[in-house]
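Trainee: would you be able to build a 3D model of this:
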Amino acid sequence: MLNNQNVTIINHPLVQHKLTLMRDENTSTVGFRTLLREIAHLLCYEVTRDLELEEKNINTPMGAMKATKIKGKKLVFASILRAGNGLLEGMLDLVPSARVAHIGLYRDHETLLPVEYYFKAPSDIADRLVIVVDPMLATANSAIAAIQRLKDRGANKLIFLCLLASPEGIKAFTKAHPDVPVFTAAIDDYLNEKGYIVPGLGDAGDRMYGTK
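Mentor: Got it, this is the predicted structure:
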């Protein structure tokens with residue numbers, strides 16, 4: 001991993017390999033969906049690397065021991081709908097006990113600003129680490145709005161995880177939420193006039209669900 005201030009680039013070879021396959025326009029819908037779930041496993045592994053542990057007394061078949069487990073209440077994975085669900089499903093494979101929040105936002109194609117249509121989160125979100133997931137950090141408008149919505153609900157320990165980010169998105173996000181670390185597999189070149197990351201991988205939601 002490479003770390004620059006509050007942004008961590010996960011450069012593990014398997015992550016980069018799978019990301020390249022996802023970028024390829026010839027990758028099928030089912031292939032893209034499978035790769036997204038697989039890469040979510042790897043990203044989840046990295047983003048949870050520093051979780052606090054505590055000791056617990058257990059008995060193995062061979063005897064008693066002090067073993068380690070994750071300390072405190074379990075995580076919350078917050079998915080920015082709809083594309084965030086592709087990462088969410090893979091992360092739940094690794095942490096099935098995590099609570100889940102859903103934040104429904106869509107981007108107005110004229111203004112590029114987010115419009116909220118759904119929000120549901122655990123009642124004790126203030127007591128848990130919240131990992132917010134969305135494949136793309138493009139303009140960052142949706143991510144900024146989602147994080148603020150969670151903060152307003154009481155969340156105070158947050159991480160944002162994405163596959164790809166733009167330099168513009170990173171700048172806007174870290175300015176709006178300097179207290180929230182960002183984990184991503186790559187920071188691409190720029191945003192085009194329609195707010196898409198270049199070279200990017202297209203619209204993650206459309207590629208995952210086979211829609212236009």
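Trainee: which secondary structure elements does the top helix by length along the chain contact?
Mentor: Identified as the longest helix of the chain according to DSSP state H is helix 29-47. In terms of contacts (3 or more C-beta pairs under 8 Å, 6 or more residues apart in numbering; DSSP states H and E), helix 29-47 is packed against helix 13-23, helix 84-94, strand 158-165, strand 182-187, helix 204-209. Using the backbone N, CA and C atoms, a C-beta is placed for each residue, glycine as well.
Trainee: apply 10 Å and report the result again.
Mentor: helix 13-23, helix 84-94, strand 130-133, strand 158-165, strand 182-187, helix 204-209 (3 or more C-beta pairs under 10 Å, 6 or more residues apart in numbering; DSSP states H and E).
Trainee: could you point out the helix or strand that follows that helix?
Mentor: For helix 29-47, the following helix or strand on the C-terminal side (DSSP states H and E) is strand 53-60.
Trainee: list the buried ones in that next one?
Mentor: Within strand 53-60, no residue is scored as buried using 16 or more other C-beta atoms under 10 Å.
Trainee: same question for that strand, mean pLDDT?
Mentor: Mean pLDDT, strand 53-60: 95.
Trainee: CA atoms only for the following helix or strand past it - export them in CSV, please.
Mentor: Sequence-wise, the next helix or strand downstream of strand 53-60 (DSSP H and E) is strand 63-70. Output of strand 63-70 as CSV, limited to C-alpha atoms (Å, rounded to 0.1, in the frame of the first residue of the first chain):
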residue,chain,number,x,y,z
GLY,A,63,-6.0,-27.0,25.6
ALA,A,64,-6.7,-23.5,26.9
MET,A,65,-5.2,-20.4,25.4
LYS,A,66,-5.5,-16.6,25.1
ALA,A,67,-6.6,-15.8,21.5
THR,A,68,-7.3,-12.5,19.8
LYS,A,69,-10.5,-11.2,18.3
ILE,A,70,-11.8,-7.9,17.0
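Trainee: what's strand 63-70 in contact with?
Mentor: 48, 51-60, 95, 97, 129 (C-beta atoms under 10 Å, 6 or more residues apart in numbering).
Trainee: residues near residue 17, how many?
Mentor: 12 (other C-beta atoms under 10 Å).
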